[in-house]
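Colleague: the amino acid sequence is not available; the structure is as follows:
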C-alpha cells in the first residue's frame, strides 16, 4: 500500500508537498543508514514505498511546473 496516493498528493498545497517531500527524504536516509550499518529494519519494503512516493511527488511537481511554463 502506498504511503500517499497520487490524488492525495495533488490535493496538497505546494508548501505542504515540499514539507512532506523533506520528511520522506529524511526518513529514507534514516532507514538506509540503519540497513547499511547492519541494523535490522522493521519493514524493509518501506524503503521502496518511500522511494516511490518521493518519485510521485516530484513527478506531480514537475508536471505542474511544465504547465506553468506553457
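Modeller: Alright, I've got the coordinates. Values in this document were obtained by computation on a predicted structure and should not be read as measured data. Numbering: from 1, shown residues only.

Colleague: pick out the residue nearest the middle of this protein.
Modeller: Centroid-nearest residue in the chain, with Cα atoms, centre = their mean: residue 54, separated by 2.5 Å.

Colleague: quick check: closest non-adjacent residue to that residue.
Modeller: Spatial nearest neighbour of residue 54, chain neighbours left out: residue 24 (5.3 Å); criterion: Cβ to Cβ, 6 or more residues apart in numbering. Where C-beta positions appear, they are placed from N, C-alpha and C, glycine not excepted.

Colleague: my guess is the one you found contacts residue 55, does it?
Modeller: No: using Cβ atoms under 8 Å, residue 24 makes no contact with residue 55, being 10.3 Å away.

Colleague: the two: which has the busier surroundings?
Modeller: residue 24 (18 against 10; other Cβ atoms under 10 Å).

Colleague: any idea how far the more buried one lies from residue 67?
Modeller: Distance of residue 24 to residue 67, given as Cβ to Cβ, to the nearest Å: 23 Å.

Colleague: still on that earlier bit, quick one: the residue nearest to residue 54 from residue 38, how far?
Modeller: With Cβ to Cβ as the criterion, residue 24 and residue 38 are 24 Å apart.

Colleague: which residues touch the residue nearest to residue 54?
Modeller: Contact partners of residue 24, counting by Cβ atoms under 8 Å, 6 or more residues apart in numbering, are 3, 50, 53-54, 57.
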